[in-house]
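# pasted the sequence and its predicted model underneath.
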Amino acid sequence: EAQVTQNPRYLITVTGKKLTVTCSQNMNHEYMSWYRQDPGLGLRQIYYSMNVEVTDKGDVPEGYKVSRKEKRNFPLILESPSPNQTSLYFCASSPQGYGGGANYEQYFGPGTRLTVT
Amino acid sequence: GDSVTQMEGPVTLSEEAFLTINCTYTATGYPSLFWYVQYPGEGLQLLLKATKADDKGSNKGFEATYRKETTSFHLEKGSVQVSDSAVYFCALRMNSGGYQKVTFGTGTKLQVIP
């Protein structure tokens, strides 16, 4: 089944404890992206990747890191989480990055609910 | 920068009522436009899209037309059902200098009552 998977689905952690949220897609998509969803703010893009080894900042990158060493995986790293990073996080992928990639829709994972105390 | 403005919700309608959710955008070029739907406890999924001016996207009875002159992409459905209750997001995506960012609106919650 074509899908985007995220792990963990739920995570409660404490301020300053490094964590990684994994994202994997099995559709051979070039483009991958991370979003956070907050009430009243909709989805905001954190980072995106046009292809392997190519990443760029979205609108709210502060406090996050990403890497894209393989096409299928795009982990989100919080080096020192803070309470203002408590949110619902979504990973998404899309068939094409460069060229006509903007015409393609994104496929979303089920979300990771993160609470930082 | 680019932005998407959606009408605030929640929107409450009776079953079989007509639905309009307004979406307007600002962008420096010519974006592709999308409507996504999020059912409770799930991720977003594509509802419809339009990639150039005057294109009409349609799916499951929903429609939206890409209006460049008014920079709008309003979502409509002639007769809503209880199963349409969800949060609807308007989004734009465009190439800029070889890179892409995606901008979402804040979402509009729709509740359909029997």
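Looks like it arrived, so ask away. Numbering: from 1, shown residues only, chains lettered A, B, ... in the order given.
# from here on, just use CA atoms for contacts and neighbour counts.
Noted.
# so what's residue B:44 up against?
Counting by CA atoms under 8 Å, 6 or more residues apart in numbering or on different chains, residue B:44 makes contact with A:107, A:108, A:109, B:36, B:37, B:38.
# tell me the one of those nearest residue B:64?
residue B:36 (11.9 Å; CA to CA).
# let me know the helix or strand that that closest one is in.
strand B:32-38 (DSSP states H and E).
# direction included, what does that strand pair up with?
Using DSSP bridges, the strands paired with strand B:32-38 are strand B:44-50 (antiparallel), strand B:86-96 (antiparallel).
# what's the most buried one of the ones you listed?
With neighbours taken as mean count of other CA atoms under 10 Å in any protein chain shown, the strands paired with strand B:32-38 reach their highest mean count in strand B:86-96, at a mean of 23.
# helices or strands up against the following helix or strand past it?
Later in the chain than strand B:86-96, the nearest helix or strand by DSSP H and E is strand B:99-104. Judged by 3 or more CA pairs under 8 Å, 6 or more residues apart in numbering or on different chains; DSSP states H and E, strand B:99-104 is in contact with strand A:42-51, strand B:3-6, strand B:86-96.
# closest to residue B:49 out of those strands?
Of these, nearest to residue B:49 by CA to CA is strand B:86-96, at 9.3 Å.
# how many neighbours does the residue of chain B found nearest chain A have?
Scanning chain B for proximity to chain A using CA to the nearest CA identifies residue B:106 as nearest, at 3.7 Å. Residue B:106 has 25 neighbours, counted by other CA atoms under 10 Å in any protein chain shown.
# where does it land in three-state SS?
coil (DSSP: H, G, I helix; E, B strand; the rest coil).
# quick check: angle from the lowest-mean-pLDDT helix or strand in chain B to strand B:32-38?
None of the helices or strands of chain B scores lower by mean pLDDT, DSSP states H and E than strand B:99-104, at a mean of 85. Here strand B:99-104 points in a direction 50 degrees away from that of strand B:32-38 (axes from the mean of the first three to the mean of the last three CA atoms, to 10 degrees).
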